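Trainee: quick check, what structure comes out for this input:
(2 chains)
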2 protein chains.
Amino acid sequence: MDRSDLRARSAPAGGAHSDSNNAIDRRAALVRLSGIVAAAALGAPAGAVGDPREGLPPQATAGGDRLRMIATEEAFWIPEVAEAMRDVLKRGGTNLDLKLLSLICGPAEEVRTTDPAPSAPASSEANRDAVARKLLPQLLDFDAGRLADMDANGVDMHLLSLGIPGVQMFDTELAIALARLCNDRLTEAVRRHPTRFAGLACFAPQDPRAAAVEMERAITTLKLNGFLVNSHTQGVYLDDPRCWPILEAAEALGAPLYLHPRAPSDGMAAPFQDYRMEGAIWGYAMEAGTHAVRLMLSGVLDRFPRLRIVLGHMGEALPFWLWRLDFMAGPGSRKALRNQLKPSEYVQRNFAITTSGMEDPVALRLCIEKIGVDHVMWAIDYPYQRTAPAVKFLQSALLSDQERAQIAFRNAERIFHLAT
Amino acid sequence: MDRSDLRARSAPAGGAHSDSNNAIDRRAALVRLSGIVAAAALGAPAGAVGDPREGLPPQATAGGDRLRMIATEEAFWIPEVAEAMRDVLKRGGTNLDLKLLSLICGPAEEVRTTDPAPSAPASSEANRDAVARKLLPQLLDFDAGRLADMDANGVDMHLLSLGIPGVQMFDTELAIALARLCNDRLTEAVRRHPTRFAGLACFAPQDPRAAAVEMERAITTLKLNGFLVNSHTQGVYLDDPRCWPILEAAEALGAPLYLHPRAPSDGMAAPFQDYRMEGAIWGYAMEAGTHAVRLMLSGVLDRFPRLRIVLGHMGEALPFWLWRLDFMAGPGSRKALRNQLKPSEYVQRNFAITTSGMEDPVALRLCIEKIGVDHVMWAIDYPYQRTAPAVKFLQSALLSDQERAQIAFRNAERIFHLAT
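Mentor: Below is the predicted model:
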């Protein structure tokens, strides 16, 4: 591959990608970073920098136009999956995902919601363990409740995907069968509401060749928009050669693979056993970020150069670490490395990120600066996080109108091949 | 504790800490974030925003004054530690730190530096495994070579600490003895060069009560400036009640505890076995960040409220994750949480960070915005990273003169009680 050619092709439209090895570029990047923020400080028109008003009507934007909003990491379950999850729970085991499963669909008596630390102060925040008990009806609802939530908040579309941990804790045959069933139900929902839903298919990584067959059906027959996988499967990561048929299928189908977190695999679980650290508090990020770095350093992205990986949670902190990743893991810089490109070059060519579960404008600005605004998409993480604050975050973050449109819908339309 | 009082006390001088639950504060924070960057974009005098010249003379600053530079995460070894490390290597085992130790002080025949992936392109970067072979003389040198490197780059002071993995892989009695010996040798070096060196003491967490005794000696007798510990010891983290004597001593002595990374503990090692992911590429951050989150969520920072923890590598990404940590781990929000404050409140009260190994101005700006410039200190990570680029990063990052001085030396003088 001609690497100079790659760089030319991969440079984001806005030129936002900074090469930190070049001081002049660094300086230019920081000046660009100021961009819209500087304009705001100097009293530029509100339409150019985001609207300072609180309580913006859901469908209004800073400039007064309606902002199309496509949420890209929105979960569903089907009843058959819930039943199979209950069987997984009954079987028990050490996997840390069992903690969340127990809250979502375990026996009610397992849940004690009124036992904070004796010394903990009264908190205005809802007890998240209690909230988790209410998730199941929302996960199972493809229609009235979900659409009402979207309408109330001006959300145009959910890009739906089977919720964590997908079919990846089931026995292989069941996983294959339930993946097919989920994809069929998902397709039905999309067909019922074609302007409101699109879908990411699931598959059973337990059998990569069967997965590839289902992946092809999902794109060519069901016309779904990509795939979502919940990180490891039985401790196996996608850089493992056994998983290559999955990566090969995603690349060949031109369909993005959303690498969603799950709790740390058993081989890294020990320090995450306490304080609910296995989940969204911390462990999800460690698991999914580690998985993404494995994809970079293993060389599989050289084998499948057109593969597109989507990371949630503002890229699982990879944008924050990108300077260090490049510095420490340049091609050939250690004998165990197999990557032919720098991590930041893979990010430009092979990755995109979403804002799921991260409503922080400062982290968003870092992500835009480090990987380019055309690599960033909006997400809610419904129903695990609430829609209204995610919408407010998108509408109030200090972005140019163009940046906001790219993040709100344009990048999703392009990357997931959504009908416009 | 009166939490409103805490907030008042902990607000950074510059008011940079943003409360992401408040949209007005968020907006104000983003406008502040633009600050100096905006000024640069608009042609403010170079002295106010950093000097655009390449190849700045080592001791010149943007404004032309000499910038005092105190590097806060600078490693040394002593020959007796090197010998004990060789014994650890001979014994072998599964711990991932053995990979780095093998490169630093293992038998020469173990090192093969000319075996990149067959398909890897020629790289202009040095082979880091080969570079690691040259570290030992630099680690052992407290005098001529180290001072020459400092002088050549205008570095005033190294805050020295025993390099990774410290005494934490030795048998308990040996660890206790070598910690004493290291602290004595460190003290001698500081006394030989009192304006050029200060020191962080080591201790043997294998025996927390003995550690506390040595910690007291290090501060009250040896007049050292704090402590450094390399994350877990035999898989035990500092929130473990067995380690509380260590935290109690650090708090009582008013001395900061630098929580330095090491490779992931055996209980989380599996996904870090390949591609040298155990080290500075990725695993260090996962290990040290996870350790820091355990300290937050376990409640030990409520038990030891005046404890000061210092994190390297721009806070091991905690600043990036702070919005999500606050959102997911508010006090009482899950029944397994033991924290009485929000993670961001602990950061304000109990943490500081350094820039070791991270020469990225974009990540630096995020850290300043999220935790306040008075919590950020400069570091080189000598001899693992080179001095000149770390100095250039500090001198060229777009900072106000005040911010640059805080990061370069003022915060270190305050936090580590360094003589000025």
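Trainee: residues near the closest residue to residue A:388 other than its chain neighbours, how many?
Mentor: Closest residue to residue A:388 apart from its sequence neighbours, by Cβ to Cβ, 6 or more residues apart in numbering or on different chains: residue A:153 at 5.5 Å. Placement of C-beta: from N, CA and C, glycine included. Neighbour count of residue A:153, defined by other Cβ atoms under 10 Å in any protein chain shown: 20.
Trainee: pretty sure residue A:153 is touching residue A:386, no?
Mentor: No: using Cβ atoms under 8 Å as the test, residue A:153 is too far from residue A:386 to be in contact (9.1 Å).
Trainee: pLDDT value on the residue nearest to residue A:388, please?
Mentor: pLDDT recorded at residue A:153 is 98.
Trainee: quick one: low-confidence ranges for the stretch 1-150 of chain A?
Mentor: Along the stretch 1-150 of chain A, segments meeting pLDDT under 70 span A:1-64, A:108-126.
Trainee: how much space is there between the nearest residue to residue A:162 once chain neighbours are set aside and residue A:70?
Mentor: Nearest non-adjacent residue to residue A:162, counting by Cβ to Cβ, 6+ apart: residue A:202, 4.4 Å away. For residue A:202, the distance to residue A:70 equals 20 Å [Cβ to Cβ, to the nearest Å].
Trainee: these two: who's more crowded?
Mentor: Set side by side, residue A:202 and residue A:70 show more neighbours around residue A:202, with 30 against 23, by other Cβ under 10 Å.
Trainee: for residue A:81, see how far away that one is.
Mentor: Separation of residue A:202 from residue A:81 (Cβ to Cβ): 9 Å.
Trainee: what touches both of the two?
Mentor: A:162, A:167, A:182 (Cβ atoms under 8 Å, 6 or more residues apart in numbering or on different chains).
Trainee: and the helix or strand hosting the last one, what's buried?
Mentor: So the one you mean is residue A:182. Per DSSP states H and E, residue A:182 falls inside helix A:172-192. The neighbour-count criterion (16 or more other Cβ atoms under 10 Å in any protein chain shown) identifies A:174-180, A:182-183, A:185-187, A:189-190 as the buried residues of helix A:172-192.
Trainee: what of stretch A:83-102?
Mentor: Neighbour-count burial for stretch A:83-102 [16+ other Cβ under 10 Å]: A:84-86, A:88-89, A:95-102.
Trainee: let me see the ranges of the strands in chain A.
Mentor: Ranges of strands in chain A, per DSSP state E, are A:70-76, A:157-162, A:197-199, A:227-230, A:257-260, A:309-311, A:351-354, A:376-377.
Trainee: what average pLDDT does the fourth one get?
Mentor: I take that to be strand A:227-230. Mean predicted lDDT for strand A:227-230 stands at 98.
Trainee: next one: it to chain centre, how far?
Mentor: Between the centre of strand A:227-230 and the centre of its host chain there is 9 Å, according to Cα atoms, centre = their mean, to the nearest Å.
Trainee: helices or strands next to it in the packing?
Mentor: Counting by 3 or more Cβ pairs under 8 Å, 6 or more residues apart in numbering or on different chains; DSSP states H and E, the packing neighbours recorded for strand A:227-230 are strand A:257-260.
Trainee: as CSV, could you dump the C-alpha coordinates of the strand it packs on?
Mentor: What follows is strand A:257-260, C-alpha atoms only, in CSV (Å, rounded to 0.1, in the frame of the first residue of the first chain):
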residue,chain,number,x,y,z
LEU,A,257,-18.8,-3.2,12.9
TYR,A,258,-19.8,-1.5,16.1
LEU,A,259,-17.4,-2.7,18.8
HIS,A,260,-19.6,-2.3,21.9
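Trainee: and chain B, is that strand touching that?
Mentor: No: Strand A:257-260 lies out of reach of chain B by Cβ under 8 Å from any Cβ of the partner chain, never closer than 13.6 Å.
Trainee: partner strands of that strand, with direction?
Mentor: Partner strands for strand A:257-260, per DSSP bridges, with pairing direction: strand A:227-230 (parallel), strand A:309-311 (parallel).
Trainee: out of the shared contacts of residue A:202 and residue A:81, which comes closest to residue B:335?
Mentor: Set against residue B:335, the nearest of those by Cβ to Cβ is residue A:162 (27.5 Å).
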